[in-house]
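1. The sequence and its predicted three-dimensional model are supplied below.
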Amino acid sequence: MSTSSELIVNAGVGLHARPAAEFVKLAQEFNGKVTLKYGEKEADGKSMIGILKLAVKQGTKFELTLDGENENEFMKKFELLVSKND
């Protein structure tokens, strides 16, 4: 079973550089698959390059899907992470 949610990025630089690195660090703690979908593109949430290629900008939505253990707990952690306004 998996869980999905639409998240809005609040960081001024979007999901780039430091926010993307923090995202990957959290994704690597999750025991399962992490997938981001932005527009027609998809990326592995455990891949810094994959996330950077999505070029998610501030104030835009992307879909996050978690498939593994403790999905709901980690979804909350990802929601808090992307809602930070740097």
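-> Alright, I've got the coordinates.
2. how many neighbours does the residue nearest to I8 when sequence neighbours are not counted have?
-> Counting by Cβ to Cβ, 6 or more residues apart in numbering, the nearest residue to I8 once its immediate chain neighbours are dropped is K61, at 5.3 Å. (Each C-beta comes from the backbone N, C-alpha and C, glycine too.) By the measure other Cβ atoms under 10 Å, the count of residues near K61 is 12.
3. so what's K61 up against?
-> Residues near K61 by Cβ atoms under 8 Å, 6 or more residues apart in numbering: E6, L7, I8.
4. In these, which residue is surrounded by the most others?
-> L7 (19 neighbours).
5. how would you label that residue: helix, strand or coil?
-> Secondary structure, DSSP: H, G, I helix; E, B strand; the rest coil: L7 is strand.
6. quick one: contacts for G45?
-> G45 sits in contact with F23, V24, A27, V34, T35, L36, I51, L64, where contact means Cβ under 8 Å, 6+ apart.
7. Is the nearest residue to it once chain neighbours are set aside bridged to anything, and to what?
-> When the adjacent residues along the chain are set aside, G45 lies closest to V34, with 3.0 Å between them (Cβ to Cβ, 6+ apart). V34 has the following beta-bridge partners by DSSP bridges: L66.
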